[in-house]
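> Need coordinates for the following:
(one chain, ligands or ions: 1)
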Amino acid sequence: MAFGTGTKCVQAGYKPGNGEPRQIPIVQSTTFKYDTSEDMGKLFDLEASGYFYTRLQNPTNDYVAAKIAALEGGSAGMLTSSGQAANFFALFNICECGSHIVASSSIYGGTFNLIAVTMAKMGIEVTFVSPDCSEDELNAAFKENTRAVFGETIANPALTVLDIEMFAKAAHAHGVPLIIDNTFPTPVNCRPIEWGADIVTHSTTKYMDGHGAAVGGAIVDSGKFDWMAHKELFPGLTTPDESYHGITYAEKFGLGGAFITKATAQLMRDFGCIQGPQNAFLLNLGLESLHVRMPRHVENGTAVAEFLSANDKVAKVSYPGLKSDPYYERAMKYFGCGGCGVVSFEVKGGRAAAESVMKKLKLIAIETHVADARSCCLNPATSTHRQMTDEQLEAAGIPAGLIRVSCGLEDKEDLIADLEQALK
Ligand SMILES: Cc1ncc(COP(=O)(O)O)c(C=O)c1O
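Below you'll find the model as predicted:
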């Protein structure tokens, strides 16, 4: 039986047997006991599935990962300690020293840094392309050593919307997968796999948790990318892994299982960026109401964006759900709405005006965070990007007067009243 998104949010991933706990159990154990070394040996050989050490896998995490995979329409999923770890694993699972990535330039600053600086130190190079590039410009960015294409459905903080279909087409024409960070819309508003994406990642720290309680990440494989059809490009999946007794992941685990099995057996084993089972439990509580919360975040985001657009102290508003927004058409195609509750606006008067508005806010708190039940805001010029001059900020498309507001679940009238008194 095929269930809808709401039913999956509440029930997917965990099916208790007769007399078993209704809520997912928190398996707070680092290790698992076996009767014989032979039994445990089968796990080490990947001949049997099961648990032996929580640095690699834990049952609580797997229930929650299975729920997120079901929501995204994927074949398998895994949880990571953070969104940063999810994006690193998704890329590093198929890239190695000498590889090249094509990435949208409009992505979260942390991910930009991960790809442009840290992965560069590992010998993995990147070509950034504008999310608004033409098909020809996009195709021109590929090289012989390109192994992945990366972008965010709705970029943080620029709020650009990616043309997922066009990016997927270009990736597939070059024999590589499209990896999409779907943190902002969540699968409630957009399922990138349905538009051609192959791998989907999340910072579950954001809407999925939704309550500012636990940092975490997730990776979902669509199970559709045929690694064996591009055997020479992905030796890590298509040739024997000597660190796992010569297993060839794509042969042994097939289209649906190879990517996540390799990321778990190899990367999680070696890097150990696993999500704690307590955090996975908290994440699941958030997921149970994700389908109820997301429409409210969008409703509040839309109302706040409309209010700000009509305010004479505001120079510019970015929200893909606004008819005047350059990404409105894409937002309607991919989400049918604004997609999330995050709105960016530029106050007239630059840095000083933005600082003074934010000081006067009573309900909307100053935080380095988005996508929470409680509304919050941030001025990149005085926080995340404070090392940059006003001129550098302007060039990066982040004017000094820019304020990013994450609209929570409060009454929209109260959020608007708070902004109105602060702007006054
Ligand atoms: C779109 C996006 N991806 C990834 C991340 C990184 O996630 P985390 O903070 O959970 O490591 C963030 C964090 O803000 C984000 O907004």
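
> which other residues reach the one helix or strand in the chain whose mean pLDDT sits lowest?
Scoring the helices and strands of the chain by mean pLDDT, DSSP states H and E places helix 390-395 at the bottom, with a mean of 74. By C-beta atoms under 8 Å, 6 or more residues apart in numbering, the residues outside helix 390-395 that reach it are 350-351, 380-381, 385, 399-400. Yep, even glycine has a C-beta here, placed from its N, CA and C like the rest.

> Please name the strands paired to the next helix or strand after that helix in the sheet, noting orientation.
The helix or strand immediately downstream of helix 390-395 is strand 402-406, counting by DSSP states H and E. With DSSP bridges as the test, strand 402-406 is paired with strand 342-347 (antiparallel), strand 376-378 (antiparallel).

> Buried ones in stretch 245-259, by neighbour count?
For stretch 245-259, a neighbour-count test (16 or more other C-beta atoms under 10 Å) marks 247-250, 253, 255, 257-259 as buried.

> which residues of the stretch 301-424 of the chain score low on pLDDT?
395-397 (pLDDT under 70).

> Taking it, what residue is nearest to the ligand?
Closest to the ligand within the stretch 301-424 of the chain is Val370: 6.5 Å, counting by C-beta to the nearest ligand atom.

> Skip the chain neighbours and tell me the closest residue to that residue.
Residue nearest to Val370 in three dimensions, not counting chain neighbours: Ser406, with 3.9 Å by C-beta to C-beta, 6 or more residues apart in numbering.

> so of the contacts of helix 390-395, which ones are in strands?
The members of the contacts of helix 390-395 all map outside strands under DSSP state E.

> and the longest helix for the chain?
helix 290-309 (DSSP state H).

> Following element in sequence after that helix, please.
Sequence order places strand 314-318 as the next helix or strand after helix 290-309, per DSSP H and E.

> Just the buried residues of that following strand, please?
Neighbour-count burial for strand 314-318, with 16+ other C-beta under 10 Å as criterion, is recorded at 314, 317-318.

> Same check on stretch 212-219?
212, 214-219.

> can the residues you listed go into a markdown table with extra columns for distance to Pro185, pLDDT and secondary structure?
Listed next are these as a markdown table, based on distance: C-beta to C-beta, whole Å; pLDDT from 0 to 100; DSSP: H, G, I helix; E, B strand; the rest coil:
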| residue | distance to Pro185 | pLDDT | secondary structure |
| --- | --- | --- | --- |
| Gly212 | 19 | 97 | coil |
| Ala214 | 20 | 98 | coil |
| Val215 | 20 | 98 | coil |
| Gly216 | 18 | 98 | coil |
| Gly217 | 16 | 98 | strand |
| Ala218 | 14 | 99 | strand |
| Ile219 | 17 | 99 | strand |
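
> Closest one of those residues to Phe142?
Ile219 (23.2 Å; C-beta to C-beta).

> so the closest one touches Gly83, yeah?
No: applying C-beta atoms under 8 Å as the test, Ile219 and Gly83 come out as separate, 10.2 Å apart.

> what touches both of the two?
With C-beta under 8 Å, 6+ apart, Ile219 and Gly83 have common neighbours 201-202.

> contacting residues around Cys273?
80-82, 85, 88-89.

> Distance check, the residue in the stretch 201-350 of the chain that the ligand sits nearest to against Glu329.
For the stretch 201-350 of the chain and the ligand, the shortest gap (C-beta to the nearest ligand atom) falls at Ser203, measuring 3.0 Å. With distances taken as C-beta to C-beta, to the nearest Å, Ser203 is found 26 Å from Glu329.

> who's more crowded, the two?
A direct count of neighbours by other C-beta atoms under 10 Å for Ser203 and Glu329 places Ser203 higher, at 29 against 13.

> Enumerate every residue touching Met78.
So Met78 contacts 61, 65, 89, 218-219, 260, 263-264, 268 (C-beta under 8 Å, 6+ apart).

> sorry, back to before: pull the most distant pair out of the buried residues of stretch 245-259.
Maximum distance among the buried residues of stretch 245-259 (C-beta to C-beta): 16.0 Å, for Ile247 and Leu255.

> ok so, going back, correct me, but the residue of the stretch 201-350 of the chain closest to the ligand touches Ser81?
No: taking contacts as C-beta under 8 Å, Ser203 lies outside contact range of Ser81: 11.0 Å.

> Need the overlap of contacts for these two.
216-217.

> List the residues that contact whichever residue of the chain sits closest to the ligand.
Nearest residue of the chain to the ligand, counting by C-beta to the nearest ligand atom: Gly83, 2.3 Å away. Residues in contact with Gly83, defined by C-beta under 8 Å, 6+ apart, are 110, 181, 183, 201-206, 215-217.

> one more time with 10 Å, if that's ok
108, 110-111, 181, 183, 201-206, 208, 215-218 (C-beta atoms under 10 Å, 6 or more residues apart in numbering).

> Which members of those residues occur in strands, if any?
181, 201-203, 217-218.

> any chance of the residues you listed in a markdown table, with distance to Leu162 too?
A markdown table is the format used below for the ones in strands among the contacts of Gly83 (distance: C-beta to C-beta, whole Å):
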| residue | distance to Leu162 |
| --- | --- |
| Asp181 | 9 |
| Thr201 | 13 |
| His202 | 15 |
| Ser203 | 16 |
| Gly217 | 19 |
| Ala218 | 19 |
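
> Looking at the residues you listed, which one is closest to Gly13?
Within these, distances to Gly13 taken as C-beta to C-beta reach their minimum at Ala218, with 11.6 Å.
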